[in-house]
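J.: Here you go, sequence then predicted model.
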Amino acid sequence: MFPGRNYWRKTKMQPTKSGKQRITAERYTALSRVGTALMSELDESRLLLLIAETACELTDASFAAFTLRPVDEEGQPLVASEGNLFHLAAVVGVTKQQEELFRRMPLGGEGLLAPIFRQGVPVLVEDALSFIPPKKVNQHQGHLDAAREAAISYAHGFLPVEGLQSMGVPRGHPVVRSFLGVPLLNRDSQVRGGLLLGHTEPGKFTQEDEALLVGLAAQAAVALENARLYRAAKMRAQELNTIFESIADGIALVDNQGKILRENSTARHLREILNENSAAQSATSTVLQAPDCYVNRDELAHGVALTVANEHTESRDYIINATPLRIPNTLSGPLADPHKSEQETFSGAVVVWHDVTESRRLLIERRILAETEARRALLQTVLDELPSSVYLVRGQDARLVLANRAAATVWGAPWPPGQPMADFLKENGIRIFSIEGHILAPEELAPLRAVQNGETVRHHQEVIRHPDGTTLPVLVNAVALDAHDLNVASFDLQKHSDTEQVPAAIVVTQDVTALKETERLKDDFIGIAAHELRNPLAILKGYAQTLIVQTARGNGPELADWQVEALQSIDQSSLRLVELIDDLLDVTRLQAGRLELHPEPTNLIALAKRTISRLQVTTAKHTLSLHTSLEHFVLNIDAQRIEQVLSNIISNAIKYSPEGGPIEISISVDSKKNMALLSISDHGIGIPVNQQAHVFARFMRADNARLYGIGGTGLGLYISRELVDRHGGRIWFESAEAQGTTFYIALPKQHD
């Protein structure tokens, strides 16, 4: 590229005028060529090394060093030029040990280097050794100040180079006699670094060398700036590419003809999907294929809606926007026509596919949430106006969702939303008892039965006992629900899938204190009336039977047939009235809790046979039969009351089978539960489905019984259930209208 060191050495030994001119011309020619090489080199390390080698070759220096000051990404110095803040960037002509020494050594501008690094002017010294002061003087602070003042004076032209003062050289530094240093200035004329040359012999550098080195330093500054700009541009390009690829929206750059110049991965993926969907392709063709038409009309392709099904067949909604790209109108030729259209400066468009699926879904969810909250507020207002306690619970532990004002009155304390029912009762000292007076376990409470077992609990009587000892009789209804069907905003349903059922229940608790008092008064009245009727009826029945018996025996005048028939009717009616009065008295005792049982060991088989035999004589159209493999089975029961239960059930089977037919009674033993199981089946009119839930209520009679003209009070099944319950047993039935009914009774072998 340029002549070697030996050539320059030879020419310097022939200091003829023509030789000097030729050398100068060749040097500048070489400097021009090396400048071209510097402009093409973008790697900073190789660039700096090339500059140092070039400086040695052009000036025949023994070694060259390149020092730099740290700069930021914009090329601005990070530290001041004062002090030892420069670092070695490149060096040639020294040993490895010396290079390591220079790289560890902080470099700065003191002594002969001060004008270069601080004031930015070159320094040419014939013999550096002549500038080194004695050691004692070199270490004195006054000498350092004098050296700085001399450097400033030299930089301003008030002092020749011989007036500079050296600070010496560090241990291990190569021997320097001839010295030439020039600053490296940036575009703002700030010192960026320095190019330092040295030679072991004095007088080796000339003014021409200085001028040559200044030119090389200027080219080096431009080359370094180009390298920095290239590095910064590359970094910015990488950053922008990373950002471009990481954008969730699809982005594509298209030219005037709609050709895609660049696109990110999202846009590429969408385009691949669109290629398989002709309908979706047509929706975007206007934006992609001819974006210039929008620009010609000074318009933008804005808000083009598109729905795309992805590889998972999930629909995604997109809004497509196209924004024109216009290039600056910078011309290097003749002046531009001021009336030239904007189309000539249009270079293409940026097309953006914005995925609005989630935002639309979020808007829908917010709208639904707002509507739900509005409905809930309305529901809360309606519930608060109800006189009965109404509350909604969810989850296996019956956590409160919402409640009306009456609920706090019933409980005697506010129930915080989200708190489980058991925790609320325990925290407030509230206990719940059955109508019989025993405390209910948590799993026996109506709300927990609804959420845990899916039961629908109706007309469940409970007594709430508050911490102060006051009691409140209530009637509880609980209906099991699925929380997903309620769409209540406060439900924490995110933890559950759409297919997973979340139990919930709506619970209505009615304060029946007034009803209980009314019922008590009614029961007292019925009890008093029934008790007062017993004596007249007993007298009436007794005299009627006496007349019948005595007449049959021939005592007294003989009665006519119609008189005997009348007496028998009086006797039967009196008996029916006595039975009715007994039922009414049993009801009042049950309601008042005064009915007492007298359990004793009883053979259930014998009791059943006795009852069947007694009732068989009352009907000729029915056949009563007992089916059992047991000869005897002893239970600890109140025989009179269980016989009363069997009489009620079998009598109903006879009564509600007006066409007659078999009535089958079976007795078996459940050895696992140690219980006796009785069943009474008929083939009568059955019980309507819509009335089966109320069969065991007082005074309840089915509608089809009235249609058939079958009389009755509706007390028999109520008394039977209460008596079975008080024995620790259970009674239930299965029935189909017009097909018959089967009642089941389960009694424990031992009852306390």
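T.: Looks like it came in fine.

J.: just for the stretch 101-250 of the chain, where's the confidence low?
T.: With pLDDT under 70 as the threshold, the stretch 101-250 of the chain has low-confidence stretches at 106-109, 133-144, 151, 155, 165, 167-170, 172.

J.: So which residues of it form strands?
T.: In the stretch 101-250 of the chain, the strands defined using DSSP state E, counting those that start in this stretch lie at 123-125, 178-185, 191-199, 250-254.

J.: Over to the stretch 651-752 of the chain?
T.: Assigned by DSSP E, counting those that start in this stretch, the strands in the stretch 651-752 of the chain fall at 661-670, 675-681, 730-736, 740-748.

J.: Nearest to residue 688 among these would be which one?
T.: Comparison of those against residue 688 by CB to CB identifies strand 730-736 as nearest, at 8.7 Å. All C-beta spots, glycine's among them, are computed from the backbone N, C-alpha and C.

J.: buried sites along that closest one?
T.: Neighbour counts using 16 or more other CB atoms under 10 Å place 731, 733, 735 of strand 730-736 among the buried residues.

J.: surely the last one meets residue 687?
T.: Right, residue 735. Yes. Checked against CB atoms under 8 Å, the pair residue 735 and residue 687 is within contact range at 4.2 Å.

J.: Can you lay out the strands of the stretch 651-752 of the chain as JSON lines showing distance to residue 414 and mean pLDDT?
T.: JSON lines is the format used below for these (distance: least, CB to CB, whole Å; pLDDT from 0 to 100):
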{"stretch": "strand 661-670", "distance to residue 414": "46", "mean pLDDT": "95"}
{"stretch": "strand 675-681", "distance to residue 414": "44", "mean pLDDT": "95"}
{"stretch": "strand 730-736", "distance to residue 414": "38", "mean pLDDT": "94"}
{"stretch": "strand 740-748", "distance to residue 414": "42", "mean pLDDT": "95"}
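
J.: Among the ones you listed, which comes closest to residue 426?
T.: Between these, strand 730-736 lies closest to residue 426; by CB to CB that is 30.0 Å.

J.: where does the stretch 301-450 of the chain dip in pLDDT?
T.: The model of the stretch 301-450 of the chain has pLDDT under 70 over residues 301-302, 310-312, 327-346.

J.: how about the strands in it?
T.: Ranges of strands within the stretch 301-450 of the chain are 301-309, 315-326, 346-355, 389-394, 399-403, 431-434, based on DSSP E, counting those that start in this stretch.

J.: Any idea how far the shortest one is from the middle of the chain?
T.: Okay, so that is strand 431-434. Its chain's average C-alpha position is 39 Å from that of strand 431-434, according to CA atoms, centre = their mean, to the nearest Å.

J.: May I see the buried residues of it?
T.: Buried positions in strand 431-434, judged by neighbour count with 16+ other CB under 10 Å: 432-433.

J.: cool, stretch 366-378 as well?
T.: Residues 372, 376 are the ones in stretch 366-378 that count as buried (16+ other CB under 10 Å).

J.: right, and the strands of the stretch 101-250 of the chain - which one's nearest residue 64?
T.: Closest approach to residue 64 among the strands of the stretch 101-250 of the chain (CB to CB): strand 191-199, 5.2 Å.

J.: The closest one pairs with which strands?
T.: strand 63-68 (antiparallel), strand 178-185 (antiparallel) (DSSP bridges).

J.: Enumerate every residue touching residue 636.
T.: Residue 636 makes contact with 599-602, 749-751, according to CB atoms under 8 Å, 6 or more residues apart in numbering.

J.: cutoff 7 Å now
T.: Counting by CB atoms under 7 Å, 6 or more residues apart in numbering, residue 636 touches 599-601, 750-751.

J.: Now render those as JSON lines, adding pLDDT.
T.: Shown next, in JSON lines, are those (pLDDT from 0 to 100):
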{"residue": "599", "pLDDT": "93"}
{"residue": "600", "pLDDT": "94"}
{"residue": "601", "pLDDT": "94"}
{"residue": "750", "pLDDT": "73"}
{"residue": "751", "pLDDT": "59"}
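
J.: Quick check: of those, which lies closest to residue 471?
T.: residue 751 (27.1 Å).

J.: mind putting the strands paired with strand 191-199 in TSV, distance to residue 641 and mean neighbour count included?
T.: Converted to TSV, the strands paired with strand 191-199 look like this (distance: least, CB to CB, whole Å; neighbours: other CB atoms under 10 Å):
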stretch	distance to residue 641	mean neighbour count
strand 63-68	113	23
strand 178-185	119	24
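
J.: I'd like to know which of those is closest to residue 256.
T.: Minimum separation from residue 256 across the strands paired with strand 191-199 (CB to CB) falls at strand 178-185, 45.0 Å.

J.: contact partners of the closest one?
T.: Contacts to strand 178-185, defined as CB under 7 Å, 6+ apart, come from residues 59, 112-113, 116, 120-126, 128, 191-199, 201-205, 209-210, 213-214, 217, 220-221.

J.: again with stretch 523-531
T.: Here stretch 523-531 makes contact (CB under 7 Å, 6+ apart) with 581, 584-585, 588, 591-592.

J.: Mind doing that once more with 8 Å?
T.: Applying CB under 8 Å, 6+ apart, the external contacts of stretch 523-531 come out as 581, 584-585, 587-589, 591-592.

J.: For residue 656, which non-adjacent residue is closest in space?
T.: residue 684 (4.3 Å; CB to CB, 6 or more residues apart in numbering).

J.: I meant residue 380, not that one.
T.: Closest to residue 380 by CB to CB, 6+ apart is residue 402, at 6.4 Å.

J.: now residue 166
T.: Once flanking residues are discounted, residue 166 sits nearest to residue 131: 3.7 Å by CB to CB, 6+ apart.

J.: correct me, but that neighbour touches residue 125?
T.: Yes. When contacts are counted by CB under 8 Å, residue 131 is listed as touching residue 125 (6.7 Å).

J.: list residues touching both of these two?
T.: Taking CB under 8 Å, 6+ apart as the criterion, residue 131 and residue 125 both touch 112, 164.

J.: Those two - which one has more neighbours?
T.: Between residue 131 and residue 125, counted using other CB atoms under 10 Å, the more crowded position is residue 125 (23 against 20).

J.: which ones are touching the more buried one?
T.: Contacts of residue 125 (CB under 8 Å, 6+ apart): 112, 131, 161, 164, 178-180.

J.: Among these, which pair sits farthest apart?
T.: The most distant members of these, if one measures by CB to CB, are 164 and 178, lying 14.7 Å apart.

J.: rewinding a little: and of the contacts of residue 125, the nearest to residue 464?
T.: Once CB to CB is applied, the member of the contacts of residue 125 that ends up nearest residue 464 is residue 112, at 103.4 Å.

J.: returning to that earlier point: can you convert the contacts of stretch 523-531 into TSV and add a column each for distance to residue 562 and pLDDT?
T.: Converted to TSV, the contacts of stretch 523-531 look like this (distance: CB to CB, whole Å; pLDDT from 0 to 100):
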residue	distance to residue 562	pLDDT
581	28	83
584	32	81
585	34	82
587	37	83
588	39	81
589	40	81
591	43	76
592	44	74
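
J.: which of the residues you listed are buried?
T.: Using 16+ other CB under 10 Å, the buried members of the contacts of stretch 523-531 are 581, 584-585, 587-589, 591.

J.: so of those residues, which ones are in helices?
T.: 581, 584-585, 587-589, 591 (DSSP state H).

J.: so what's the residue nearest to residue 176 when sequence neighbours are not counted bridging to?
T.: The spatially closest residue to residue 176, leaving aside those adjacent along the chain, is residue 198, at 4.2 Å (CB to CB, 6+ apart). Beta-bridge partners recorded for residue 198 (DSSP bridges): residue 63, residue 179.
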